[in-house]
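>>> Requesting a structural model of the entry that follows:
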Amino acid sequence: MNANGKTMVLASFTADSLALGAHWIYDTESISKMFGRVDTFLKPTPNSYHATKEKGAFTHYGDQTFVLLESLAAKKGFDLPDFSARWRALFEDYNGYMDHATTDTLSNYASGSSYEDPGSPSDDLAGAARIAPLVYVYRHDPDKLVESSKSQTRMTHNNPITIDSAAFFARVACQVLQGSNPIEAMKNVSQENFGGSPVSRWVQAGLATKDKDSVTTISRFGQSCHTEEAFPGVVHLIARYHNDLKEALIQSVMAGGDSAARGMIVGMVLGAHLGPSSLPQQWLNELKKKERISALVETL
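Numbers count the residues shown, from 1 in each chain. So this is what the prediction gives:
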């Protein structure tokens, strides 16, 4: 299980890096024409959102997740004030794109908000996509895992559905690390913890499409950052490719839109399920911070 836990963290970062070159391109035909099948890391094009980044680097989502991992390693657990300080330092001189959730949160800090309540009202799923390092740390303490996952999400995305999404996928990944099948884990967590909520409806919708084409399905659900659109697409990818991490992450990119947030959660769950052999060595070799990530995970 420990090896699967490390893969879970690496796979989440790898998913972000795989999405980097085609991130936020919504026209799926354009993705195919520009890049072909995206099964390798790409350097972002000059006119993209991430033009300052190199192949194998992260979007601003992955960069924030790395800061969380560093904080966990330094404090030997989740410490919101420390994460808050490191998060703010990341963006003091950031050479990359910053989304509205980030700029709004920074603005709230600048206006005097404390680390307890700076979060934007954003309903983007990205706020819930950073949690793989937390799942690794608290894999034996589900209550602490859910509490810390909600807290780190709330710091930048103070929106109930995004916070609930973090709690849902944290519980799912935890159960998968303990040996549950991802599909059964999603059903169990939905029924036991989210009955009657939007989360339950999104899980049902995603599972109902597990035999459908991914690009078409995600286009129908919605390709955007908004949790209502992105969540069922994540469930679809996990269910359809529950035994094929590589294909799940490729299809997430080919489906366009916010492929980075989708992929980070899919990578986390399927990495936890399938372990080291599921993650292509070529991707790991090209992941710029692979050695540092591995070293930090070891300290946890």
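>>> how near is Q178 to T209?
26 Å (Cβ to Cβ, to the nearest Å). To be clear about C-beta, it is placed using only N, CA and C from the backbone, and glycine gets the same treatment.
>>> Repeat that for E291.
From E291 over to T209 (counting by Cβ to Cβ), the distance is 38 Å.
>>> Which one's more surrounded, those two?
A direct count of neighbours by other Cβ atoms under 10 Å for E291 and T209 places T209 higher, at 21 against 10.
>>> Tell me if the more buried one really is in a helix.
No. Assessed with DSSP: H, G, I helix; E, B strand; the rest coil, T209 is coil; it does not lie in a helix.
>>> That one: what's it in contact with?
T209 makes contact with 217, 232, 236, 239-240, according to Cβ atoms under 8 Å, 6 or more residues apart in numbering.
>>> Out of these, who's the most crowded?
H236 (29 neighbours).
>>> quick one, what contacts it?
206-207, 209-210, 212, 214, 217-218, 221.
>>> 6 Å instead?
The contact partners of H236, taken as Cβ atoms under 6 Å, 6 or more residues apart in numbering, are 206, 209, 217.
>>> roughly how far apart are the second one and D258?
Distance check for T209 against D258: by Cβ to Cβ, it reads 18 Å.
>>> got it, and the last one?
Distance check for T217 against D258: by Cβ to Cβ, it reads 15 Å.
>>> go on, the first one?
Look at G206 and D258: by Cβ to Cβ, they are 16 Å apart.
>>> Among those two, which residue is more densely surrounded?
The neighbour count for G206 versus D258, taken as other Cβ under 10 Å, is higher for D258 (28 against 23).
>>> got a pLDDT number for that one?
Per-residue pLDDT puts D258 at 98.
>>> low-scoring stretches of this protein, by residue?
1 (pLDDT under 70).
>>> Run through the strands of the stretch 201-300 of the chain in chain order.
Taking DSSP state E, counting those that start in this stretch, the stretch 201-300 of the chain contains no strands at all.
>>> hmm, back to that, so which of the contacts of T209 comes closest to A101?
P232 (20.7 Å; Cβ to Cβ).
>>> check contacts around the closest one.
Per Cβ under 6 Å, 6+ apart, neighbours of P232: 202, 205-206, 221.
>>> The nearest residue in space to D79 that is not next to it in sequence: how many residues sit nearby?
Distances taken as Cβ to Cβ, 6 or more residues apart in numbering place S71 nearest to D79, at 6.5 Å, with adjacent residues excluded. Other residues lying near S71 total 23 when counted by other Cβ under 10 Å.
>>> before we move on, what about T216?
T216 has 12 nearby residues by other Cβ under 10 Å.
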